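# quick one, structure for this:
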Amino acid sequence: MQTTWIALIPAYQPTEALLHLLKTAKKTGFELIVVNDGSSPETENIFRLAAMYATILNHPKNYGKGHAIKTGLTYIQQHYTAECIVVTLDADGQHRISDAWSICHIAHEYPNELVLGSRRLNGNVPLRSLLGNTITRLIYYLSTRQKIYDTQTGLRAFSARLIPQLLDISGERYEYEMNVLLTCSNIGIPIREVEIDTIYIDGNSSSHFDTVRDSYRVYKEILKFSASSLISFFLDYGLYSFLTMLTSSLGVAVSILISNIGARMVSASVNYTLNYKLVFQSKAHVIQSASQYAVLAIAILAGNTVVLSILTNQLEINQYAAKLITELFFFIMS
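Numbers count the residues shown, from 1 in each chain. From the prediction side, this is the model:
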């Protein structure tokens with residue numbers, strides 16, 4: 001039985017470029033779902049013609065791209081099997097159907113991964129888009145230690161079996177797409193990039209991305225992710241320093257062991273709470289997620305303690321400098 005491939009297209013104030021996109025996609029075998037995200041009455045004829053090719057889902061007002069994607073995913077979850085392949089496309093015609101077809105093939109081959117159509121951003125790229133993607137790429141890497149070249153691509157393919165996780169991710173507007181990358185990195189869903197053509201029509205003038213407002217939403221989520229790690233690090237290092245002074249009379253080896261374990265138990269608890277409640281706003285059962293987190297934290301703590309002991313006892317590195325070296329090493333590893 002042939003796998004169904006579905007093109008999900010959130011649309012706000014679309015032009016006739018949407019109709020050309022739908023015609024081409026229909027000819028190549030895609031089933032099409034378009035979400036009208038509260039467009040004005042002037043676009044009514046566009047959506048009327050679009051209904052010849054696609055299922056049209058309507059929002060009473062503009063909720064944002066993330067909300068529109070979730071509306072489409074909910075519909076797919078209710079009407080299709082978990083084995084179908086979904087690809088999201090922008091409505092302005094800046095994604096080639098041939099590229100969508102290519103990444104769907106990859107998603108079908110790797111159904112547990114998120115596949116990105118990655119632009120190399122060469123040629124006539126608007127300065128706003130080039131700077132935005134460069135900055136976001138750098139900040140994303142610093143936050144996750146994962147390299148993604150095109151963090152802002154809207155061309156993404158995945159198996160419908162990932163829909164439950166994608167629906168749980170917070171964000172209603174453009175920040176949702178960044179939250180998807182952050183969450184996939186956090187929960188272990190592999191992200192695969194496939195190079196596609198870079199296309200910007202009329203300098204990307206059709207984009208509804210508000211440079212100030214939407215950039216704030218995107219970077220706020222990244223900074224929340226980074227802040228939880230930084231807060232935990234400073235808490236861990238501060239408690240470690242305090243406890244080593246407090247237990248110095250017990251000898252260096254014992255003092256470091258007690259201080260490192262005690263500080264990490266507190267900082268790990270804080271890190272888990274921040275990520276669970278504020279960063280990812282997880283809906284998973286707290287006992288299940290805390291147990292999984294505890295297993296990882298204990299494994300890292302064991303290795304952390306061994307490395308710290310070697311640095312201080314055998315290499316005779318200052319205990320405070322050794323702690324910094326150890327934390328940097330395990331931050332990269334983890």
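
# quick one: low-confidence parts of the chain?
Counting by pLDDT under 70, the chain shows low-confidence ranges at 1, 120-135, 142-143, 198-226, 277-286, 331-334.

# how does it divide into domains?
Per automatic domain parsing, the structural domains of the chain span 5-209, 226-333.

# report the distance from the strand or helix carrying V254 to the chain centre.
Using DSSP states H and E, the element containing V254 is helix 252-274. Its chain's average C-alpha position is 29 Å from that of helix 252-274, according to C-alpha atoms, centre = their mean, to the nearest Å.

# quick check: end-to-end length of stretch 58-73?
Start-to-end span of stretch 58-73 (C-alpha to C-alpha, to the nearest Å) is 14 Å.

# picking up where we left off before, ok, residues contacting the helix holding V254?
227-229, 231-233, 235-240, 243-244, 246-248, 250, 290, 293, 297, 301, 304-305, 308-309, 312-313, 319, 323 (C-beta atoms under 8 Å, 6 or more residues apart in numbering). In short, each C-beta sits where N, CA and C put it, glycine included.

# with only the CA atoms kept, save that helix in PDB.
The C-alpha coordinates for helix 252-274 follow below in PDB (Å, rounded to 0.1, in the frame of the first residue of the first chain):
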ATOM      1  CA  VAL A 252      40.800  17.600  49.600                       C
ATOM      2  CA  ALA A 253      39.500  14.200  48.200                       C
ATOM      3  CA  VAL A 254      36.600  13.900  50.600                       C
ATOM      4  CA  SER A 255      35.700  17.600  50.400                       C
ATOM      5  CA  ILE A 256      35.500  17.600  46.600                       C
ATOM      6  CA  LEU A 257      33.400  14.400  46.600                       C
ATOM      7  CA  ILE A 258      30.900  15.800  49.000                       C
ATOM      8  CA  SER A 259      30.800  19.300  47.500                       C
ATOM      9  CA  ASN A 260      30.400  18.100  43.900                       C
ATOM     10  CA  ILE A 261      27.600  15.600  44.700                       C
ATOM     11  CA  GLY A 262      25.800  18.000  47.000                       C
ATOM     12  CA  ALA A 263      26.000  21.000  44.600                       C
ATOM     13  CA  ARG A 264      24.900  18.900  41.600                       C
ATOM     14  CA  MET A 265      21.900  17.400  43.400                       C
ATOM     15  CA  VAL A 266      20.600  20.900  44.100                       C
ATOM     16  CA  SER A 267      21.400  22.400  40.700                       C
ATOM     17  CA  ALA A 268      20.000  19.400  38.800                       C
ATOM     18  CA  SER A 269      16.700  19.700  40.600                       C
ATOM     19  CA  VAL A 270      16.500  23.400  39.700                       C
ATOM     20  CA  ASN A 271      17.500  22.700  36.100                       C
ATOM     21  CA  TYR A 272      14.800  20.000  35.800                       C
ATOM     22  CA  THR A 273      12.100  22.300  37.300                       C
ATOM     23  CA  LEU A 274      13.000  25.200  35.100                       C
END
